[in-house]
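1. Coordinates for the following, if possible.
(6 chains, ligands or ions: 6)
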Amino acid sequence: MIETVIRKRIEILTDTALQRRVTDAIDRAGITGWTVTPVQSGKGREGRWREERVMGTDKVLILTIAPQDKAMALAEDIAPILTSHGLLLSMWDVEVIRGERF
Amino acid sequence: MIETVIRKRIEILTDTALQRRVTDAIDRAGITGWTVTPVQSGKGREGRWREERVMGTDKVLILTIAPQDKAMALAEDIAPILTSHGLLLSMWDVEVIRGERF
Amino acid sequence: MIETVIRKRIEILTDTALQRRVTDAIDRAGITGWTVTPVQSGKGREGRWREERVMGTDKVLILTIAPQDKAMALAEDIAPILTSHGLLLSMWDVEVIRGERF
Amino acid sequence: MDAATLETFTSPVILFFVLGMLAAFARSELAVPEALAKGMSLYLMAAIGLKGGVAVSESGVDTTVAHALLAGIGASFLIPLFAFAVLKGFAKLDTLNSGAVAAHYGSVSVVTFVTAVEVYELRGIPPGGFMVAVMAAMETPAILTGLLLARKAIDKTDAKNDQGTGELLHEVFFNASVVLLLGAFAIGMISGASGFSDVEPFFQAGFKGVLCLFLLDMGLIAARRLMDARAMTVRLALVAIFLPLVNGALGTILGSAIGLDVGSAAALGVLCASASYIAVPAAMRLALPQADAGIYLTMSLSVTFPFNILVNIGLIGALASRLAAA
Amino acid sequence: MDAATLETFTSPVILFFVLGMLAAFARSELAVPEALAKGMSLYLMAAIGLKGGVAVSESGVDTTVAHALLAGIGASFLIPLFAFAVLKGFAKLDTLNSGAVAAHYGSVSVVTFVTAVEVYELRGIPPGGFMVAVMAAMETPAILTGLLLARKAIDKTDAKNDQGTGELLHEVFFNASVVLLLGAFAIGMISGASGFSDVEPFFQAGFKGVLCLFLLDMGLIAARRLMDARAMTVRLALVAIFLPLVNGALGTILGSAIGLDVGSAAALGVLCASASYIAVPAAMRLALPQADAGIYLTMSLSVTFPFNILVNIGLIGALASRLAAA
Amino acid sequence: MDAATLETFTSPVILFFVLGMLAAFARSELAVPEALAKGMSLYLMAAIGLKGGVAVSESGVDTTVAHALLAGIGASFLIPLFAFAVLKGFAKLDTLNSGAVAAHYGSVSVVTFVTAVEVYELRGIPPGGFMVAVMAAMETPAILTGLLLARKAIDKTDAKNDQGTGELLHEVFFNASVVLLLGAFAIGMISGASGFSDVEPFFQAGFKGVLCLFLLDMGLIAARRLMDARAMTVRLALVAIFLPLVNGALGTILGSAIGLDVGSAAALGVLCASASYIAVPAAMRLALPQADAGIYLTMSLSVTFPFNILVNIGLIGALASRLAAA
Ligand SMILES: Nc1ncnc2c1ncn2[C@@H]1O[C@H](COP(=O)(O)O)[C@@H](O)[C@H]1O
Ligand SMILES: Nc1ncnc2c1ncn2[C@@H]1O[C@H](COP(=O)(O)O)[C@@H](O)[C@H]1O
Ligand SMILES: Nc1ncnc2c1ncn2[C@@H]1O[C@H](COP(=O)(O)O)[C@@H](O)[C@H]1O
Ligand code: NA
Ligand code: NA
Ligand code: NA
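-> Ligands and ions are numbered 1, 2, ... in the order given. Predicted coordinates:
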């Protein structure tokens, strides 16, 4: 049987304009990588939005898998802009194969 | 150290045509928001499909983060069309920062 | 109250060129279905990439929900190409409605 | 095969469709990005609407136009009844799915119409500009008939129907292709030939080329769906050829009878023969989710659509010419 | 309504914009895929840049061009001061949001400019090719003024400002539309009319048609945003009409005063009147995330943009003609 | 720099490529949406295929065409052997990666070919239409040679190879660009000049403009990849310039030797000089996942491609003219 280990999976929803700040923070936390997926539309406190890249109102979802301590370091690092820029962060435990990679 | 709280993350896969019904249900459940992400293709009991927006066979993934009770209310509300319209719902616990937002 | 059951949710990040191999493995494991979502960009050991379908460097995220045993069978089956082809697999427990479907 | 038919088969428009089907059957990965396909379909609808509107602004509106509209709307309401009978009687399909499929055959396919217009213009029998308005008018009546037929099969205790009906009616009347076709038609009528001349290089000169690429994509999609089809039977496939043949002939005869010119009568025949694969499937997802999309999409898109493009447009044109000569 | 205005309203370009707004108000699902909208916006910028560069390569550069550039840059720096005063004084908006909104009005809208060029060419008063360079130069100065005005409102202990500033300055100077406009302008100047002739069928002949589809999309987006607007007040809507009226008139007068031809003076008026809804919102997300995007996007995109397209371009053209005749 | 070379550098097509590279080096966010880039690449392949087919339907097929096909296929098989030797010998690359890179240089780049055709037409030495078929034929043989060279390095116990081989062969023969190029070529041959005239405004008139936007995107992508490159060495970069120089010269000489006209000989040179960055990388992902994509993509796309576009197409054209004059 293959072995799995537990890591944190963190997903951050952010304006595309801020994508760079988030991935810089991930790099700073020493995490090995990240993956960006597109988002179409949503609703939050400021109402609905649709993806309107023409207008710079589009968002992306950034996901990264990291050991617990690095994940917490990332959350800590990113917390200030989370509030000021309205990002959305959620994280949970996942099993991964080849845990040495993360 | 920053504080995190536990919330439910719910992801619903639905035909784009039914997107409105799902987000209306989320609003009815009193949840603060939702986010829609695109889907490319899939396979289920009715066989494979590819995204063919031209033909109305496309789907989206709707994700929402909510407290346990609202999440259950949503699941309850949406259960009938889940079966009749072939939606797919999964949910799990996640940690979030700024729990008061959800 | 509606009843939920526990299933594994598996997400696999792979080159689009290898998508077929992964979904074939999911079919072999006897899992009822899968869903493919798009990916925009990322960073790993080989550096950054952007989605450049023109150049065949694009990736997709394949998600599938399955009972524990089938999930493990899939992970087992796919482990060799995980390493050789640089796929990323993570899995976790989720609650689903209509558990008999999976 | 007469000269005109042969000419059809040496037209790049048709050949790109064939190429798409062949590539899909050979399991090539060739694919047109969806955003582009969507964009081309918007372009084709805007262009055909504009051209129709400009033509009507030149020719004016007379009673023939009104008759054509009424004939089209009537056909869209009634064709599902005939289709339903054939589907239940010959193909042994259940009531629910028969209603859903029937709605598709009463409605129309914009690309089939557009291709027919190109073919008939080549043959020297161009349909009148007002036929675009007839097409838009025929898109949705069939949905209502199809639902009435299918709803008999649905459990009355099914909840949420009320929400569905409002949504559905809205979808039916403000559906994207109806809005764009009629909107562009109105713009064409308002701007007239002089206003149109500005945008002509884009909407006129590029038209056939875009249609080539769009039909390439349609060929890929139609053939791929056919290969993945599981719910299809031989009888259903036969029905998907029988219906366009009969509806096409009846529509052409009707067009001749109400005094349409050759091209317009043929175009009415093509509208009756064609089956929707955009507007109606979307409506069925909402209104009849229990119906099997594998059946109605495969029939309309993978059998009827290629049959119309490759064979039936030619037959209908020949029939219309013969009727006019008689 | 004079003949010229009427002609505007029978132009397909304007009518497609109206169609988009009507479709959105009717809650139709009509939508242009985003990749296509982005592509059309790249096309329009490349085409307008090229055409401007070719025109300048023919006409040469003289002091008028330098004056126009200076006038445009000056206007972009100063308009936000005026807008800020109106927003705080009349609309009672707080300092932070007033600064953010003000930046939008100092900057420009490429599509408004492009539409104005089409309208003025129809009226026989084509703006000079160098106005494209003026437009590119006016895109960003306003951002700096707007930020200076807004920053007063921001807590000095706010962290990460330094990272933000570098990013922002880079975004301001290498922002996609500035790079593409100026790049295409330079290519036009280098290639000249002979080099341009090769690509003319694509960039020239297709231009108005693409503009039609793009404005259809803009109409949809502007109207949808208006219907979802929550943070808008009557006073803000009034300001979003008042500012383009006044800025447009002042810009036109300035253009006349520095000796621009009729069309170029009107184009300068339109640049002053128009409000950014691409470059500036993106900069504000980075630099002033606390400002309410619901306010600045709705004002610039859903009120000022339609007002300029439907009314103000006409008024400004009339004013410029009158000034020239005087 | 002679007049012809200068003309190349004032052509919008080349200048948009330069603009893309400059914008990327300045870290501008300018980007072409991927769906659009994909769509443009489909358009370019369909157009070049059609034009080639129409040309051959006019000129007929003779033994020269057969010789050109054989020469192309032979070159595609053999070039990887030479490239492999240089990569191992001079650049000290390991066997696995040398095989992977070698496959790229034996195959071709469609956009390099298309750009060369434009340049040579400007210079009055248009290549023959059949060279499109030669290009399609050269896309895949190199993959087989490259794999044979690389496989020596792979552990024989590696599982799943069998599945891979079937998939790979299918990918090689039904790969999207081969299918579209040859399909459109066949359509062009069948329709001939009269059928083509209908779609000419779209596929002919728009061609150079689309090529401009496509090369803008290629410039952005090539330069961005170069800036992110980590696995590149100076020696690899030198090889990425040496190979197109030598292969281009040899291909041109071969073309002259088998009796091709000036333009076609130069086109054969360009095909030999160009390196694949679409079909071959996709095949390598499947067949040689352990090879480093950072090496082969950066070499072919970020060094060889710009070198060919900016310098080598010109050199090869000059060589072909000289050989013909001799
Ligand atoms: N820790 C991580 N979290 C999320 N995605 C990752 C992570 N590491 C790698 N990836 C993704 O997996 C791809 C391949 O990674 P690699 O095999 O390291 O080159 C990268 O391009 C990323 O998109
Ligand atoms: N409860 C939620 N669940 C999922 N997504 C959310 C939720 N609340 C907000 N969002 C997303 O986050 C974005 C910003 O939210 P807000 O900061 O509330 O404006 C929204 O547009 C949604 O896409
Ligand atoms: N086990 C599964 N895991 C992930 N996605 C699934 C699964 N089963 C079905 N799906 C998705 O749900 C869609 C509808 O499934 P079905 O209702 O079985 O036709 C499919 O097309 C897939 O995209
Ligand atoms: Na019909
Ligand atoms: Na302004
Ligand atoms: Na080569």
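2. and D:F185, how many residues sit next to it?
-> Number of residues near D:F185 (other C-beta atoms under 10 Å in any protein chain shown) recorded here: 28. Where you see a C-beta, it was placed from the backbone N, CA and C, and this is true even at glycine.
3. Quickly find the element holding it.
-> For D:F185, the host element (DSSP states H and E) is helix D:176-200.
4. how many other residues sit next to D:R224?
-> By the criterion of other C-beta under 10 Å, D:R224 has 21 neighbours.
5. now swap in D:A326 and tell me
-> D:A326: 6 surrounding residues under other C-beta under 10 Å.
6. distance of it from D:D261?
-> Distance, D:A326 to D:D261, by C-beta to C-beta, to the nearest Å: 15 Å.
7. now the most centrally placed residue in chain A, what's its secondary structure?
-> Most central in chain A under C-alpha atoms, centre = their mean is A:I12, positioned 3.0 Å from the mean C-alpha point. Following DSSP: H, G, I helix; E, B strand; the rest coil, the label given to A:I12 is strand.
8. For it, list each beta-bridge partner.
-> Beta-bridge pairing for A:I12 (DSSP bridges): A:I62, A:L89.
9. Packing partners of the helix-or-strand element of chain A with minimal mean pLDDT?
-> For chain A, using mean pLDDT, DSSP states H and E, the weakest element among its helices and strands is strand A:47-50, scoring a mean of 73. Contacts defined by 3 or more C-beta pairs under 8 Å, 6 or more residues apart in numbering or on different chains; DSSP states H and E place strand A:47-50 against strand A:41-44, helix E:207-228.
10. thinking again about what came up before, does any bit of the helix holding D:F185 sit next to chain E?
-> Yes - judged by C-beta under 8 Å from any C-beta of the partner chain, helix D:176-200 and chain E are in contact via D:176, D:179-180, D:183-184, D:186-188, D:190-192, D:195-196, D:198-199.
11. What mean pLDDT does that helix get?
-> Per-residue pLDDT over helix D:176-200 has a mean of 92.
12. Ok, stretch D:118-132 next?
-> Mean predicted confidence for stretch D:118-132 is 94.
13. Pull up the distance across it, start to finish.
-> End-to-end span of stretch D:118-132 (C-alpha to C-alpha, to the nearest Å): 13 Å.
14. and if you look at stretch D:169-178?
-> Length of stretch D:169-178, first residue to last, C-alpha to C-alpha: 13 Å.
15. so what's A:I62 up against?
-> A:11-14, A:19, A:22-23, A:26, A:34-37 (C-beta atoms under 8 Å, 6 or more residues apart in numbering or on different chains).
16. and which of those is nearest F:G74?
-> Distances from F:G74 to the contacts of A:I62, taken as C-beta to C-beta, are shortest for A:T35 (43.2 Å).
17. ok, now which ones touch that closest one?
-> Here A:T35 is in contact with A:62-64, C:13, C:39, C:41-42, C:59, C:61, C:88 (C-beta under 8 Å, 6+ apart).
18. cool, and D:V18?
-> By C-beta under 8 Å, 6+ apart, the contact set of D:V18 is D:219, D:310.
19. what is the mean pLDDT for the helix or strand hosting it?
-> Counting by DSSP H and E, the element that carries D:V18 is helix D:12-25. Helix D:12-25 comes out with an average pLDDT of 95.
20. just checking, next helix/strand downstream of that helix?
-> Scanning onward from helix D:12-25 (DSSP H and E), the first element met is helix D:34-59.
21. near chain C, anything from that next one?
-> No - Helix D:34-59 does not reach chain C (C-beta under 8 Å from any C-beta); its nearest approach is 10.7 Å.
22. Following element in sequence after that helix, please.
-> helix D:63-89.
23. now that next one against helix D:34-59, angle please.
-> 140 degrees (axes from the mean of the first three to the mean of the last three C-alpha atoms, to 10 degrees).
24. Can you give me the buried ones in helix D:63-89?
-> By neighbour count on 16 or more other C-beta atoms under 10 Å in any protein chain shown, the buried set for helix D:63-89 is D:64-65, D:67-69, D:71-73, D:75-76, D:78-80, D:82-84, D:86-88.
25. Contacting ligand 5 as well, which ones from those residues?
-> Checked against ligand 5 using C-beta under 5 Å from the ion, the buried residues of helix D:63-89 yield no neighbours at all.
26. And the residue of the stretch 1-150 of chain D closest to chain C?
-> With C-beta to the nearest C-beta, the shortest gap between the stretch 1-150 of chain D and chain C falls at D:P33, namely 7.9 Å.
27. Contacts only, for that residue.
-> C:53, E:35, F:34-36, F:38-39.
28. want to throw the residues you listed into TSV with neighbour count?
-> TSV is the format used below for those (neighbours: other C-beta atoms under 10 Å in any protein chain shown):
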residue	neighbour count
C:R53	18
E:A35	23
F:E34	20
F:A35	23
F:L36	24
F:K38	20
F:G39	24
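29. low-confidence ranges in the stretch 151-300 of chain D?
-> Counting by pLDDT under 70, the stretch 151-300 of chain D contains low-confidence ranges at D:155-164.
30. now with 90?
-> By pLDDT under 90, the weakly predicted segments of the stretch 151-300 of chain D are D:151-178, D:195, D:198, D:221, D:224-232, D:277-294, D:297.
31. How about the stretch 1-150 of chain D?
-> Applying pLDDT under 90 to the stretch 1-150 of chain D flags the ranges D:1-10, D:29, D:31, D:33-35, D:59-62, D:122, D:140.
32. Show me which residues of it are close to chain B?
-> The stretch 1-150 of chain D comes close to chain B at residues D:34, D:37-38, D:41, as judged by C-beta under 8 Å from any C-beta.
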